[in-house]
Each structure stands twice: as C-alpha cells, then as structure tokens.
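Engineer: Please work out how this folds:
(one chain, ligands or ions: 1)
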Amino acid sequence: MKREALAVILLSAAVGVAGADTKVTGECDRIAQKLASIDQSECLNRALAITRGESVQGAPILLKEYLPMENRQPRGRVLLVGGIHGDEYSSVSIVFKWMSILDEHHTGLFHWRIVPLLNPDGLLRQEARRMNAHGVDLNRNFPMPGWEDLAPRYWVEQTNSSPRYFPGEKPLSEPESRWLVDEINGFSPDVIVAVHAPHGVVDYDGPRSGPRKLGRLYLNLLGTFPGSLGNYAGVQRRIPVVTVELPYAGTMPRPAEVAEMWRDLVRWLSKNTPAQGRLVDEPGFGEKPDQVTDPS
Ligand SMILES: [Zn+2]
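Structural biologist: The predicted model follows:
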C-alpha cells in the first residue's frame, strides 16, 4: 500500500475517534446541565461509547460495556436501561451511580451492557417530557401480537388518549425503540433491567419470579401494557425483565439506598441467571441472604 494511502486511512481513523469523543463530550454536557446529581466529569469518567443508535433528533444513544472475565463463561448477560421516559430524571441518574459502583468493583462475573439514557430527546429538551421527539411513549412502541388493535385501543380507552401514552402509529416506529430491539437481538441478554419512576416498587415480567426487594422497593406486579418493554421482552420473548420503579422522578434515593439496591440486584442476578443452571423459581427468599463478596 502506498504510504500516502495509509496516512489517509490513519488520519480518518483518528478523526473518527475524535468525532466520537466530541459527541460523547457534547452529550455529557447536555446531561450534566439537566441532572442535578450528575456533573460533566462524572458523565465523562464513565467512558461511554457511541453506538449506532440515534434519537429522532440525532442525539447519540450512549452505552457502556463491561466485559466478562476472559476465558470464562459469564454468569449472565445483563442489559440495563435508564431514561426510557424523558421526565424520569432519577432513572438516568441512578444508572450513572450504578456505573460508578461497577467501575470500581467489576470483576467480570457478568457481562453488562448499560444504556443510561434511551430517550435523550425527551430528557434534554427545554422542558423534559415522557415521550420522544415524535411524541411517542417508547414504552408502548414495542411489538406484540395484535399490537395494531390493542395498543391504540388501550390508549384511547384506558388513558383517554393522553398524549403522554401515545403508542405511535405502528410498533417500532421510533429509532430509539428499534435500536433497543436490535441491541436485544445482538446481545441476547439473560436479564433486562429497566429503570423508571415514580411508582416506588419493583415490577417483573418473564419466566420465574422477580427480586422480592431491591433496597426499600418491594416486588409489586403492576401488570403489563400493550407495547411495553416488559410485555415485549418478558412476556413475548421470555427474557426476565426487572423494572425498577424509583419512588420519585425528580429526587434521587440517598447514596446508601442506591448502593443497597445495587447489592440486592446483583445478589438476585447471581442466583437467577441461566448460566447458574437455576431455571426453577427462586426458593431462597426467606433464607439468610448470601454473603456477596463480588458486587458485580
Ligand atoms: Zn417510566
């Protein structure tokens, strides 16, 4: 290869990396301006990567991957998603706090992919809102058999056509929900953890049963909605979906509570991921909790 050609390739690779860095920095800027408990350095220090995913308005969907230990089958692949609804600030902030814990303690037992903010357009507009830039509730836009009938009917009858719950014109009409489904297909997670607010419970969809508690939040099944992620992944695809419903959308749990929720989540994952071979219902709720020496 000619030297000049190589130089051009090297240069364009460098520009590509620099472009990605600029995008992450810009996105961290915007996130830090919006979230009281996350400043720019805390966002940048997480070393998030650009994905192929983009919002309606072209904002990058950022992701952090924590790889499993080399030469060892991970206990499971876990996909953790915050900020599906743009006005649930705490659901984004807590994912950043959990990433900080992982950055310190990740030992490679699990393979994580973490998306702190699926709906950047909803959060990062002047007045944050639940829906994406098309006015679609992403958590009603996932496919299910009969979606075309059920999702609009539920919207009209159960929400009085509230714009906050508009499911879209068709399933996966939105780039953010399409990207998440691609991510589920490519990563093939054993468990999905989705963070919301403000119902103050743990919800669960899928085979087996969910965590009895995460910190002070207790398991309380809210039921599934046509087009929700829990319905799509948990009910249709039989991938366990743990939905963490924080108590307040605008106020973060205290740091000790954030850490306790994380410990409870990792403990539950350790006992309930398929690589462990425990495909039966978790019998250990009444047991003394295991000593968790490895929080990731
Ligand atoms: Zn929500």
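Engineer: going forward, measure contacts and count neighbours with C-alpha atoms only.
Structural biologist: Fine.
Engineer: need the strands for the chain, in chain order.
Structural biologist: Taking DSSP state E, the strands of the chain run over residues 49-54, 60-66, 76-81, 110-115, 191-196, 201-205, 213-214, 217-218, 241-245.
Engineer: Quick check: residue 161 touching residue 155?
Structural biologist: Yes: Residue 161 is within contact range of residue 155, at 5.4 Å (criterion: C-alpha atoms under 8 Å).
Engineer: Those two: which is more packed in?
Structural biologist: Remark: of residue 161 and residue 155, residue 155 carries more neighbours, 20 against 15, as counted by other C-alpha atoms under 10 Å.
Engineer: contacting residues around the more buried one?
Structural biologist: By C-alpha atoms under 8 Å, 6 or more residues apart in numbering, the contact list for residue 155 reads 161, 162, 165, 166, 167.
Engineer: what subset of the residues you listed is also close to the ion?
Structural biologist: Among the contacts of residue 155, proximity to the ion is found for none (C-alpha under 5 Å from the ion).
Engineer: Ok, which of the strands of the chain comes nearest residue 226?
Structural biologist: Nearest to residue 226, of all the strands of the chain, is strand 201-205, at 12.9 Å by C-alpha to C-alpha.
Engineer: Just want the angle from that closest one to strand 241-245.
Structural biologist: For strand 201-205 against strand 241-245, the angle by axes from the mean of the first three to the mean of the last three C-alpha atoms, to 10 degrees is 160 degrees.
Engineer: Could you give the bridge partners of the residue in the chain that the ion sits nearest to?
Structural biologist: The nearest approach of the chain to the ion comes at residue 196, 4.2 Å away (C-alpha to the ion). Beta-bridge pairing for residue 196 (DSSP bridges): residue 245.
Engineer: For my notes, please list the strands of the chain in a markdown table and give mean neighbour count and mean pLDDT for each entry.
Structural biologist: Formatted as a markdown table, the strands of the chain follow (neighbours: other C-alpha atoms under 10 Å; pLDDT from 0 to 100):
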| stretch | mean neighbour count | mean pLDDT |
| --- | --- | --- |
| strand 49-54 | 16 | 96 |
| strand 60-66 | 21 | 97 |
| strand 76-81 | 22 | 96 |
| strand 110-115 | 23 | 97 |
| strand 191-196 | 24 | 98 |
| strand 201-205 | 25 | 97 |
| strand 213-214 | 21 | 98 |
| strand 217-218 | 18 | 98 |
| strand 241-245 | 25 | 98 |
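Engineer: Export those strands as a markdown table, with columns for distance to residue 267.
Structural biologist: As requested, the strands of the chain are exported to a markdown table (distance: least, C-alpha to C-alpha, whole Å):
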| stretch | distance to residue 267 |
| --- | --- |
| strand 49-54 | 27 |
| strand 60-66 | 18 |
| strand 76-81 | 13 |
| strand 110-115 | 12 |
| strand 191-196 | 13 |
| strand 201-205 | 15 |
| strand 213-214 | 10 |
| strand 217-218 | 15 |
| strand 241-245 | 13 |
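Engineer: rewinding a little: most neighbours, which of the contacts of residue 155?
Structural biologist: Neighbour max across the contacts of residue 155 (other C-alpha under 10 Å) = residue 167, 29 neighbours.
Engineer: Quick check: nearest residue in space to that one, chain neighbours excluded?
Structural biologist: Distance criterion C-alpha to C-alpha, 6 or more residues apart in numbering; nearest residue to residue 167, sequence neighbours excluded, is residue 140 at 4.6 Å.
Engineer: For the one you found, the count of nearby residues, please.
Structural biologist: By other C-alpha under 10 Å, 27 other residues sit near residue 140.
Engineer: Check residue 230 too.
Structural biologist: Residue 230 has 30 nearby residues by other C-alpha under 10 Å.
Engineer: quick one: low-confidence ranges for the stretch 151-296 of the chain?
Structural biologist: 274-296 (pLDDT under 70).
Engineer: Can you name the residues of it that neighbour the ion?
Structural biologist: Neighbours of the ion within the stretch 151-296 of the chain, by C-alpha under 5 Å from the ion: residue 196.
Engineer: Break down the stretch 151-296 of the chain into its helices, ranges please.
Structural biologist: For the stretch 151-296 of the chain, applying DSSP state H, counting those that start in this stretch gives helices covering 175-187, 229, 255-272.
Engineer: For these, could you give me TSV that also reports mean neighbour count and distance to residue 60?
Structural biologist: Formatted as TSV, those follow (neighbours: other C-alpha atoms under 10 Å; distance: least, C-alpha to C-alpha, whole Å):
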stretch	mean neighbour count	distance to residue 60
helix 175-187	17	10
helix 229	28	21
helix 255-272	19	26
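Engineer: out of those, nearest to residue 76?
Structural biologist: Using C-alpha to C-alpha, the nearest of these to residue 76 is helix 255-272, at 8.1 Å.
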